[in-house]
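Asker: Provided below for reference: sequence and predicted model.
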Amino acid sequence: LQQKTVEGQENPLPAIDAASVQEVQPYCSMWNAIYDCLFFCINGDIYNSMTPEQQEVIDECGRLATQYEREINRAGDDEIMNRWQNENGVTITNYEDMGIDSFKQAVDGVDEWYQKELEGQGYDDAKELIETFTK
């Protein structure tokens, strides 16, 4: 971005902020991406050796930890965006102001093209794969 080799990037606001990308990125589009969090994992053998009651506690703790992680990540977004605007002059564009329909029109047909490309490479499940990400 700083060398103008690329014009944009996509990352969560805290990651962008930690790398000080806002110093060289004059625009930020809040495009309503899917939320992709870290996994809450446990060894399968250990989990399966627990009683159903213990598994229920682990499952509930995992749900609560995930909810809390999302809350603390999102809590800083407003502060980050305000600071970027005030200190770095970053222009923030909200999802509602983007004209998303024009993007949809611009890529209309790409999924069919991509399916044919995958099928040409021997992926018989190309349609199902694409539908997984488009529904």
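Answerer: Yes, it's here. The shown structure was predicted, so the numbers you read here are calculated from the model rather than taken from an experiment.

Asker: Which pLDDT value does the model give the residue of the chain most remote from its centre?
Answerer: In the chain, Thr51 marks the outermost C-alpha relative to the chain mean, sitting 34.9 Å out by Cα atoms, centre = their mean. Looking at Thr51, its pLDDT reads 98.

Asker: In this protein, where's the longest helix?
Answerer: helix 52-75 (DSSP state H).

Asker: show me where the protein has helices.
Answerer: 13-18, 44-48, 52-75, 77-83, 100-106, 110-120, 126-134.

Asker: Dump the ones you listed to a markdown table, plus distance to Gln25 and mean neighbour count.
Answerer: (Glycine included, C-beta is placed from N, CA and C.) Output for the helices of the chain, formatted as a markdown table (distance: least, Cβ to Cβ, whole Å; neighbours: other Cβ atoms under 10 Å):
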| stretch | distance to Gln25 | mean neighbour count |
| --- | --- | --- |
| helix 13-18 | 7 | 15 |
| helix 44-48 | 42 | 9 |
| helix 52-75 | 20 | 11 |
| helix 77-83 | 12 | 14 |
| helix 100-106 | 20 | 9 |
| helix 110-120 | 26 | 12 |
| helix 126-134 | 27 | 12 |
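
Asker: could you dump those helices to JSON lines with distance to Ser29?
Answerer: Below are the helices of the chain laid out as JSON lines (distance: least, Cβ to Cβ, whole Å):
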{"stretch": "helix 13-18", "distance to Ser29": "12"}
{"stretch": "helix 44-48", "distance to Ser29": "40"}
{"stretch": "helix 52-75", "distance to Ser29": "17"}
{"stretch": "helix 77-83", "distance to Ser29": "12"}
{"stretch": "helix 100-106", "distance to Ser29": "11"}
{"stretch": "helix 110-120", "distance to Ser29": "20"}
{"stretch": "helix 126-134", "distance to Ser29": "20"}
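
Asker: is it true that Ala126 touches Trp113?
Answerer: No - using Cβ atoms under 8 Å, Ala126 is not in contact with Trp113, being 11.2 Å away.

Asker: gap between the residue farthest from the centre of the chain and Val57?
Answerer: Using Cβ to Cβ, to the nearest Å, Thr51 is found at 10 Å from Val57.
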